[in-house]
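K.L.:
Here is a sequence with its predicted model. Questions after.
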Amino acid sequence: MSPIERLYHRTVTCLLLLILLLPLAATLIYALATQWGATILPDGFTLKWLLALWSDPRFLLALGHSLLICFGTLVLAVVVILPTMFVIAYYFPKLDAVMNVLILLPFAVPPVVSAVGLMQLYAADPLPLLGTPWILIGCYFTIALPFIYRAISNNLQAINLRDLMDAAHLLGASTWQAALLVVLPNLRKGGMIAVLLSFSFLIGEFVFANLLVGSQYETLQVYLFNMRNGSGHFTSALVISYFAVVLLVTWLANLLNKNKG
């Protein structure tokens, strides 16, 4: 690669990063500003809004609710989808085309339409789940399904599953021993990408959370919606904290994945 090409690639990358980071930087400055009106820079900086946010029990409870629902959904999704995908890829590969169509259904139906239908189904007996975290976990499971299925499916195709299983069988392993001890470790990278993509999407989901549980089980996005009429500095601190939580979870996941490697 010539110096001009390297310069071009670096310039494009830096411009892209600048475009992505500029709104976050402005939000962070506003969250730390004492007063920011008609001037280019704030009059001063303070941690007042961040301290007020992180000392608010309601915010901490909403954050805990969001993390609990997201992690619960991801555990359920991985436990259910991973064995199913192995069975489809190894025993019934022709069903992959059907699954590729089915995983698009959560995005084909608008969330508002789905939420109204779920409200009618689960508002009364025999399963009165409306206003509980269980209905959100079920909804989020369908949202996470396309991300997890597509990422792990690509990973399964990359490792050449059938040849890997045949080699394990030749060495004396049973099918499930080969699946757990040989195939599963090779899916770590694809599974981690799927989980991180799903987590970043689920923790920011608002429509289902607001319509199905609302303030009865307040999540982070519902809390942000309920605080929209408050101080703009406080709301900016909340948005920055939200991005910080996502960044922290992503960093921890990558760190654990690197340690396992």
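P.N.:
Nice, thanks for sending it over.
K.L.:
any idea which residue sits dead centre in this structure?
P.N.:
Note on the chain: the residue nearest the mean C-alpha position is residue 199, at 1.7 Å, using C-alpha atoms, centre = their mean.
K.L.:
Mind pulling up the pLDDT for the residue nearest to that residue when sequence neighbours are not counted?
P.N.:
Leaving aside its sequence neighbours, residue 199 sits nearest to residue 70 (C-beta to C-beta, 6 or more residues apart in numbering; 5.5 Å). All C-beta atoms are positioned from the backbone trio N, CA, C, and that covers glycine. pLDDT for residue 70: 91.
K.L.:
Please identify the buried residues of the strand or helix carrying residue 70?
P.N.:
In the assignment (DSSP states H and E), residue 70 maps to helix 57-90. Neighbour-count burial for helix 57-90, with 16 or more other C-beta atoms under 10 Å as criterion, is recorded at 59, 62-63, 65-67, 69-70, 72-74, 77-78, 81-82, 85-86, 88-90.
K.L.:
How about stretch 26-39?
P.N.:
Result for stretch 26-39 [16+ other C-beta under 10 Å]: buried residues 27-28, 30-33, 36.
K.L.:
Residue 191: how many residues sit nearby?
P.N.:
19 (other C-beta atoms under 10 Å).
K.L.:
My understanding was that it contacts residue 155; is that so?
P.N.:
Yes. Applying C-beta atoms under 8 Å, one finds residue 191 in contact with residue 155, separated by 7.5 Å.
K.L.:
Show me where the chain has its helices.
P.N.:
Along the chain, counting by DSSP state H, helices occupy 3-32, 48-54, 57-90, 96-102, 105-108, 111-121, 133-158, 161-170, 175-178, 184-186, 188-202, 207-212, 220-226, 232-260.
K.L.:
so which of those gets nearest residue 42?
P.N.:
helix 3-32 (6.4 Å; C-beta to C-beta).
K.L.:
Could you give me the buried positions within that closest one?
P.N.:
Buried residues in helix 3-32 (16+ other C-beta under 10 Å): 27-28, 30-32.
K.L.:
quick one: it to helix 232-260, angle?
P.N.:
130 degrees (axes from the mean of the first three to the mean of the last three C-alpha atoms, to 10 degrees).
K.L.:
neighbouring contacts of stretch 230-248?
P.N.:
Residues outside stretch 230-248 that contact it (C-beta atoms under 8 Å, 6 or more residues apart in numbering) are 24, 27-28, 30-31, 33, 48-50, 52-54, 59, 63, 67, 199-200, 203-204, 220, 223-224, 227-228.
K.L.:
Could you do stretch 66-84 as well?
P.N.:
Counting by C-beta under 8 Å, 6+ apart, residues outside stretch 66-84 touching it are 133, 136-137, 140-141, 144-145, 148-149, 152, 184, 187, 191, 195, 198-199, 202-203, 219-221, 245.
K.L.:
repeat for stretch 207-220
P.N.:
In contact with stretch 207-220 (C-beta under 8 Å, 6+ apart) are residues 58, 61-63, 65-66, 69, 111-112, 114-116, 118-119, 130-133, 135-136, 139-140, 143, 203, 221-222, 225-226, 242.
K.L.:
now the residues you listed: which count as buried?
P.N.:
62-63, 65-66, 69, 111, 114-115, 118, 130-131, 133, 135-136, 139-140, 143, 203, 221-222, 225, 242.
K.L.:
how many neighbours does the closest residue to residue 106 other than its chain neighbours have?
P.N.:
Sequence neighbours aside, residue 142 is the residue nearest to residue 106 in space, at 4.6 Å (criterion: C-beta to C-beta, 6+ apart). Other residues lying near residue 142 total 17 when counted by other C-beta under 10 Å.
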